[in-house]
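Novice: Here's my sequence, what's the structure:
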Amino acid sequence: MSVDPGALATWANAITAGRLVFSPVMFLVIPDDPGGSWLAYGLWFVLCVSDGVDGWIARRHGTTTSGAFLDPLADKVLVLGAMFTLVARDVFWLLPVALIAGREVVISVYRILVGSRGVSVPASKIAKYKTVFQQLAVGVALWPWFAVDHRWLWNSLLWIAVALALISGWTYLMAGRSVSDRTAASQ
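Specialist: Just a heads-up that it's a prediction; the model follows:
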């Protein structure tokens, strides 16, 4: 059963909206001290899995314009909100989180600008890996088995996410530049 691309009320969008609604709850249950929390980890795990589930449903039944907007927004709210909460709790360093947040702002503005000219900028494989490493970094920092004694692990995952964020951001900008150059040349 295929959905209308202009539809708002779809199962995939409902799951995405749930991720948006429960993200602030996630931030509230992150503990004040390093050491992790089963509640925070469990909620993080469910919210991250829901990202894959809504994507699977959307691919199976058809993507929507609203879903194309809401899904990346929900991802950014969840991931950046959790990361900045961990910065506020002195778990994550500010620098890697600021680099990731800066990349997200630049690429989001870029997508809006080129989108207004009719150019689509779908997520690249590198950007999808970036998201996975961001989710892993937060998850490992929240997981009580790893939170204290394996700080090196989630710091490594976080810095890998930074590298992938910067590489994928650069790739988007260069790909958009070549599309703009071709468009200008054909006019």
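Novice: So which other helices or strands are in contact with the helix or strand residue 83 falls within?
Specialist: Using DSSP states H and E, residue 83 maps to helix 65-88. Using 3 or more C-beta pairs under 8 Å, 6 or more residues apart in numbering; DSSP states H and E as the contact criterion, the elements in contact with helix 65-88 are helix 11-29, helix 38-61, helix 94-115, helix 125-142. For glycine as for every other residue, the C-beta is placed from the backbone atoms N, C-alpha and C.
Novice: winner for burial among those?
Specialist: Compared across the helices and strands packed on helix 65-88, helix 125-142 shows the largest average neighbour count, a mean of 21 (mean count of other C-beta atoms under 10 Å).
Novice: Let me know the angle separating that one from helix 65-88.
Specialist: Angle between the axes of helix 125-142 and helix 65-88 is 40 degrees (criterion: axes from the mean of the first three to the mean of the last three C-alpha atoms, to 10 degrees).
Novice: ok, then the element right after helix 125-142?
Specialist: Counting by DSSP H and E, the element after helix 125-142 in chain order, helix or strand, is helix 151-186.
Novice: For that next one, buried residues please.
Specialist: Buried positions in helix 151-186, judged by neighbour count with 16 or more other C-beta atoms under 10 Å: 153-155, 157-162, 164-165, 167-169, 172, 176.
Novice: Need the worst-confidence member of those residues.
Specialist: Within those, residue 176 has the lowest pLDDT, namely 70.
Novice: I'd assumed residue 112 was in contact with that residue.
Specialist: No: under the criterion of C-beta atoms under 8 Å, residue 176 makes no contact with residue 112, lying 11.9 Å away.
Novice: returning to what we had before: send me the helix holding residue 83 as CSV with only the CA atoms.
Specialist: Taking C-alpha atoms only, helix 65-88 is exported to CSV below (Å, rounded to 0.1, in the frame of the first residue of the first chain):
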residue,chain,number,x,y,z
THR,A,65,7.6,15.4,1.8
SER,A,66,6.7,15.9,5.4
GLY,A,67,8.7,12.8,6.4
ALA,A,68,11.7,14.0,4.4
PHE,A,69,11.7,17.2,6.6
LEU,A,70,10.7,15.6,9.9
ASP,A,71,13.0,12.6,10.0
PRO,A,72,16.3,14.6,9.8
LEU,A,73,14.9,17.1,12.2
ALA,A,74,14.1,14.4,14.7
ASP,A,75,17.5,12.9,14.3
LYS,A,76,19.2,16.3,14.9
VAL,A,77,17.1,17.1,17.9
LEU,A,78,17.7,13.6,19.5
VAL,A,79,21.4,13.4,18.8
LEU,A,80,22.5,17.0,19.4
GLY,A,81,20.2,17.3,22.4
ALA,A,82,21.7,14.2,24.0
MET,A,83,25.2,15.3,23.1
PHE,A,84,24.7,18.8,24.6
THR,A,85,23.1,17.3,27.7
LEU,A,86,26.2,15.1,28.1
VAL,A,87,28.4,18.2,27.7
ALA,A,88,26.3,19.9,30.4
